[in-house]
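Undergrad: My questions concern the predicted model and sequence given below.
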4 protein chains.
Amino acid sequence: MKIKAGIIGATGYAGGELVRILSRHPEVEIVWYGSRSYIDQNYADVYRNMFEIVDAKCLDDNMEELAERADVIFTATPQGFCASMMSEEILSKTKIVDLSADFRIKDVKTYEKWYGIEHKSPQFIEEAVYGLCEVNREQIKGARLIANPGCYTTCSILTAYPLAKEGMIDMSTLIVDAKSGTSGAGRGAKVPNLYCEVNENIKAYGVASHRHTPEIEEQLGYAAGEEVLINFTPHLVPMNRGILATEYAKLTKKVTPEEVKAVYDKYYAKETFVRVMGDGVCPETKWVEGSNYVDIGFKIDERTGRIIMMGAIDNLVKGAAGQAVQNMNLLFGLDETMGLDLVPMFP
Amino acid sequence: MKIKAGIIGATGYAGGELVRILSRHPEVEIVWYGSRSYIDQNYADVYRNMFEIVDAKCLDDNMEELAERADVIFTATPQGFCASMMSEEILSKTKIVDLSADFRIKDVKTYEKWYGIEHKSPQFIEEAVYGLCEVNREQIKGARLIANPGCYTTCSILTAYPLAKEGMIDMSTLIVDAKSGTSGAGRGAKVPNLYCEVNENIKAYGVASHRHTPEIEEQLGYAAGEEVLINFTPHLVPMNRGILATEYAKLTKKVTPEEVKAVYDKYYAKETFVRVMGDGVCPETKWVEGSNYVDIGFKIDERTGRIIMMGAIDNLVKGAAGQAVQNMNLLFGLDETMGLDLVPMFP
Amino acid sequence: MKIKAGIIGATGYAGGELVRILSRHPEVEIVWYGSRSYIDQNYADVYRNMFEIVDAKCLDDNMEELAERADVIFTATPQGFCASMMSEEILSKTKIVDLSADFRIKDVKTYEKWYGIEHKSPQFIEEAVYGLCEVNREQIKGARLIANPGCYTTCSILTAYPLAKEGMIDMSTLIVDAKSGTSGAGRGAKVPNLYCEVNENIKAYGVASHRHTPEIEEQLGYAAGEEVLINFTPHLVPMNRGILATEYAKLTKKVTPEEVKAVYDKYYAKETFVRVMGDGVCPETKWVEGSNYVDIGFKIDERTGRIIMMGAIDNLVKGAAGQAVQNMNLLFGLDETMGLDLVPMFP
Amino acid sequence: MKIKAGIIGATGYAGGELVRILSRHPEVEIVWYGSRSYIDQNYADVYRNMFEIVDAKCLDDNMEELAERADVIFTATPQGFCASMMSEEILSKTKIVDLSADFRIKDVKTYEKWYGIEHKSPQFIEEAVYGLCEVNREQIKGARLIANPGCYTTCSILTAYPLAKEGMIDMSTLIVDAKSGTSGAGRGAKVPNLYCEVNENIKAYGVASHRHTPEIEEQLGYAAGEEVLINFTPHLVPMNRGILATEYAKLTKKVTPEEVKAVYDKYYAKETFVRVMGDGVCPETKWVEGSNYVDIGFKIDERTGRIIMMGAIDNLVKGAAGQAVQNMNLLFGLDETMGLDLVPMFP
């Protein structure tokens, strides 16, 4: 019998991507397309690409009712929603993969400061497992509540993680300059997201204040075994999908490209979804489009003693829906890659 | 045992798309990545999206040798190549799905006039089956040589076919105004295909002279049972993939939208890859991106007595590689949709 | 002393383009930046490109007060606004160039039917001059109220006008398939205009029902001296600016390309802003971007007896603000091209 | 009498932009459209946007002959060309504005190392003036040979210059992460510059090895009064025009945003083409498109002690042709802004 999955926020871009992936997952049946904005409308009228693929109407966001029906609930909702709904009763009935930030940050004060809202169920933060599969695989397997990582954070962390873990870089010098496609901004009707405002344009935003900063700092801090403060600067790029993170740090000692490659391989050689491309290769977001891959390259600059690390993901897949399904596969003891054998589309 | 497939022209965009699709086809193994330009290079160095997915070097375009090894050969090559290579010996050993125009047009004089080259093996034109699966399914099943339809033609023909077949439109008034993404222009390094030339720009080209014209005319002529001459105008659109055909014709009598819909349903209701959206719906190329679907809508204009028919496909999938795999499935008695359960990607 | 110009709707895309052009017009001073949405905000905060160029705050849309201060008022407002404000008193004080559709259509019933709103000042329709400068230059010079033509219509009409006027085409067969950049959809925050919805996508819309249809029909009807009904199909293209109109019609007799070129030259050889490119040249929207030009090409198809005419404009310039300034120049006896020597930007 | 200007390399993108600007410059007449690739072709056939604006044929690249005819020569040519042609005789007859890198770097060894070619006329390097107008205005006025700065360098230097000059930032920590539109890659027909390769994609390139690095280092070294080594990482963005530089450095002491703003204003308040937007404003490339402006914003991150500086230019204008004309204006004693009152185009 298939796993019954419910999605709250099924009509946002991340929710739509969950539907795209789960509709071809051999062990999953979607039983709930939750969308407050489109209740009672045909899902395939909201996303015409799903015409004749999904035959269902949008439902509301009643998590209690959904918990009765679903084996797993994905919440692809604005910050605060999942925390406001969470209860022991729900967790006793179903598993939760939360794509919002509500349970990602262990320090509730940090969450409340960066997100500017009160956390409605801090009692579940400790239990929640940060669903970065390549790092926390074993804890994920037994969890009830998964905090699915953010898009920028997935890319930023995985790109630096092995070098941070091995003490190869000076964490106080780490700078993450990230570039994202526009789907990361969501499907809300706002002037700055209009075609004519984004097209033929690039800008930084949220400089020194973007909410993904503390999430990256916390996770890389665990890896490095020290408190980490970084500069993280996101940019909006005129493309639909893709995140590229260009990361700079001082090397703690002189190393060769081969030594760096070996460190990456130590952590990622067996990982299906991490492709270490190595010295001098500059990953392109197009190489991962539509897939769950993280592509990583690097370059040592001997003149300055810095290493430049580059990582690329599809923000809607490995940065959201794909990783959520990867987490679900782990939660239910399935092959971790099931339903995720998505070949990147080029061009 | 899996079907052994060889691809000549594996590093063009259509060839790359064949690799993308066949690499996940459960019954196929690719045994030959032919590419004259990249011989001996790793395929995954030419298309980095295939890193860790394809582990093979590019080979030459020796069809005779390939015929020994492969159960089916896909030729995604410039016009003239396949015809120049074709022989009874090759056809006795393997099946051919030719993505070029060499065997699409039954009248060799028409071919030679529009393509401006001599046909090197006219003796196989009669045998070749025009691989428009929804129209010629039964003939395809027993064929040795498939002429895979062109991208514009697939879209243009399927959009008008039922109304042409039923005599509902005056064929002498048919006008096809088509718009294509830039991957249709191929991966050749030419100034007009540079990013800065295509981006923020739209133009018509090949007006009253595009080579897909006689192919559309021949096939719609078979449907209508009369000789057909049309105006076909392609346009280059700043996007990677997608073809939209907007077609205009006088209705032969007053009909209702319901009657038109019924005619479309008569031919397509059971077709997996044709989605009839019906009256007033304007298909968007994004709804089919990455998939093998053809989406069709229409609108009757009572003021002018014309019907406007609209069809959308992904030019690299239903317009090339996807349809080629659909043909292969038919040739080998597989489920026609095998390997083609590609969900359109949005956004 | 400079002409005092006021703009109502200065923060829409057409209004913004008026500011861009007028800010460098040697004989104009902008005295009023009207914008209901941004009252009291710095104009340069709404459009940062105007930082240190415009130093003014947005004002309301009080046309009566503005009429006291301005020699000319441009209304770049939604349909109905200008008609609802119009009065003899205003027209006695100032000249009006209305960029909306309110005074374009002579038959008020046709206006009310296609626009679905009541016309609030039909008494001024007769007086209003349709501001297609190349056609109505003399009437414009003495006018008080100019109905600035629509973007699609400017392009569609000018492309076919000489052939219609000379009886060279059968008007009952005229089909206009038009493609527009997204700025034509305005700056309103709507989901269909979001970057991710428009990018990598093309679609038709308003099929057999777009409001520019009767405007084209009326004007080409005057040219042809008969009632004209056409099919007009607009498409949304992933680019900021530009309209391309591809027009199809039966020739009334056999003509040579030279004869067609001669007819175009008869009407346009002396026109600064119309560039007749002639036989076989396919105009590209990029060639006119940022400028007031209309580029025109054509191709005769002897097989079908049709001519394909192609016209390209920048929808915000010749299709809106540029033509409005051209009208203003005529109204005030200035050189018609003043402030409009904009060189198209490529790439 | 007008200044006679010749352009070598008039059919590249930078050359085309020179033509666009100079064709409307009130004091300039272009007498030579040099283009080795298109000799004897109509310039307006190579760039159709110039139809009816430029009526001239392309000529060869004979600088000696051109020196007889022109008051100023712009060389928008590949590296090495200008140096190979330079002579005392040419400089005695005409002024040179070289848009290539040949005379930008004072240390010939550094030039030869980064560019990989021998410098053919090192004797003129000392005399050449680095044409960054806002920094070297007075030397430019009396020069014969101007080394017009690179696109990335103009943006990178001007964004950091005041803080470097005032010792406000630790130069050893400076990192420049730059993003460029694709016109910077030139009009050469290469696969990586094809529409389908660039569109929907972002990548870094030339990491730790891009040729603009030593140019930035040399100029900022002069400003800081010390040798400077930086990390400079360019990225290719799917847009035609625009460069955004995001720059990171440690502050040498605690400062307020007001103090930083004051330093920028000290250097730029009187500069027409530098728009200091100040604290927290993130410049967008669209705000400067088509214009000669540099827009600058910044943000202090108190948590890390770093400042993030952001600068935006149009790479073809302030990054190439516009700055070249600005230099020409200075060379000939004209108003520095003449012909450069280009309003940024939005959208």
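TA: Arrived safely.
Undergrad: Longest helix of chain A, counting residues only.
TA: helix A:151-165 (DSSP state H).
Undergrad: So that helix, near chain C or not?
TA: No. On the criterion Cβ under 8 Å from any Cβ of the partner chain, helix A:151-165 is out of touch with chain C, staying 14.2 Å away. The way it works is simple: take the backbone N, C-alpha and C, and place the C-beta from them, glycine included.
Undergrad: any idea of the mean pLDDT for stretch A:12-31?
TA: In this model, stretch A:12-31 carries a mean pLDDT of 98.
Undergrad: which of the residues in it are buried?
TA: A:12-23, A:25, A:27-28, A:30-31 (16 or more other Cβ atoms under 10 Å in any protein chain shown).
Undergrad: Restricting to those residues, which residues neighbour chain B?
TA: Okay, of those touching chain B (Cβ under 8 Å from any Cβ), that's A:Tyr13, A:Gly16, A:Arg20, A:Ser23.
Undergrad: Just the residues you listed: which are in helices?
TA: A:Tyr13, A:Gly16, A:Arg20.
Undergrad: So which residues of chain A form helices?
TA: Under DSSP H, chain A gives helices at A:13-22, A:43-46, A:63-69, A:81-85, A:88-93, A:108-115, A:133-141, A:151-165, A:195-198, A:212-224, A:257-268, A:322-331.
Undergrad: Kindly export the third one (C-alpha atoms) in PDB.
TA: What follows is the C-alpha trace of helix A:63-69 in PDB, where atoms were taken according to Å, rounded to 0.1, in the frame of the first residue of the first chain:
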ATOM      1  CA  MET A  63      -3.700  19.900   9.500                       C
ATOM      2  CA  GLU A  64      -5.700  18.100  12.200                       C
ATOM      3  CA  GLU A  65      -8.000  16.500   9.700                       C
ATOM      4  CA  LEU A  66      -5.200  15.900   7.300                       C
ATOM      5  CA  ALA A  67      -3.200  14.100  10.100                       C
ATOM      6  CA  GLU A  68      -6.000  11.500  10.200                       C
ATOM      7  CA  ARG A  69      -5.600  10.700   6.600                       C
END
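Undergrad: tell me what it is packed against?
TA: strand A:3-8, strand A:28-34, strand A:72-75, helix A:88-93 (3 or more Cβ pairs under 8 Å, 6 or more residues apart in numbering or on different chains; DSSP states H and E).
Undergrad: Tell me which other helices or strands the third one touches.
TA: Right, strand A:72-75. strand A:3-8, helix A:63-69, helix A:81-85, strand A:95-98, helix A:322-331.
Undergrad: any chance of those in JSON lines, with mean neighbour count too?
TA: Formatted as JSON lines, the helices and strands packed on strand A:72-75 follow (neighbours: other Cβ atoms under 10 Å in any protein chain shown):
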{"stretch": "strand A:3-8", "mean neighbour count": "24"}
{"stretch": "helix A:63-69", "mean neighbour count": "17"}
{"stretch": "helix A:81-85", "mean neighbour count": "22"}
{"stretch": "strand A:95-98", "mean neighbour count": "26"}
{"stretch": "helix A:322-331", "mean neighbour count": "27"}
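Undergrad: could you dump these to JSON lines with distance to C:Glu271 and mean pLDDT?
TA: Formatted as JSON lines, the helices and strands packed on strand A:72-75 follow (distance: least, Cβ to Cβ, whole Å; pLDDT from 0 to 100):
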{"stretch": "strand A:3-8", "distance to C:Glu271": "58", "mean pLDDT": "98"}
{"stretch": "helix A:63-69", "distance to C:Glu271": "66", "mean pLDDT": "96"}
{"stretch": "helix A:81-85", "distance to C:Glu271": "60", "mean pLDDT": "97"}
{"stretch": "strand A:95-98", "distance to C:Glu271": "63", "mean pLDDT": "98"}
{"stretch": "helix A:322-331", "distance to C:Glu271": "56", "mean pLDDT": "98"}
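Undergrad: Let me know the closest of the ones next to chain B among the buried residues of stretch A:12-31 to chain B.
TA: A:Arg20 (4.9 Å; Cβ to the nearest Cβ).
Undergrad: if I look at the closest one, how far off is C:Ile202?
TA: 21 Å (Cβ to Cβ, to the nearest Å).
Undergrad: beta partners for the closest residue in space to A:Gly280 that isn't next to it in sequence?
TA: Once flanking residues are discounted, A:Gly280 sits nearest to A:Lys299: 5.6 Å by Cβ to Cβ, 6 or more residues apart in numbering or on different chains. In this entry, A:Lys299 is beta-bridged to A:Ile308, by DSSP bridges.
Undergrad: contacting residues around A:Lys299?
TA: Shown in contact with A:Lys299 (Cβ atoms under 8 Å, 6 or more residues apart in numbering or on different chains): A:Asp279, A:Gly280, A:Cys282, A:Ile307, A:Ile308, A:Met310, D:Val207, D:Ala208.
Undergrad: is it true that the fourth one touches A:Ile169?
TA: Yes. Using Cβ atoms under 8 Å as the test, A:Ile307 is close enough to A:Ile169 to be in contact (6.5 Å).
Undergrad: that older thread, same list, the helices of chain A, but as JSON lines with distance to D:Met63 please.
TA: Compiled in JSON lines, the helices of chain A are given as follows (distance: least, Cβ to Cβ, whole Å):
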{"stretch": "helix A:13-22", "distance to D:Met63": "55"}
{"stretch": "helix A:43-46", "distance to D:Met63": "63"}
{"stretch": "helix A:63-69", "distance to D:Met63": "75"}
{"stretch": "helix A:81-85", "distance to D:Met63": "68"}
{"stretch": "helix A:88-93", "distance to D:Met63": "78"}
{"stretch": "helix A:108-115", "distance to D:Met63": "60"}
{"stretch": "helix A:133-141", "distance to D:Met63": "59"}
{"stretch": "helix A:151-165", "distance to D:Met63": "48"}
{"stretch": "helix A:195-198", "distance to D:Met63": "43"}
{"stretch": "helix A:212-224", "distance to D:Met63": "54"}
{"stretch": "helix A:257-268", "distance to D:Met63": "44"}
{"stretch": "helix A:322-331", "distance to D:Met63": "57"}
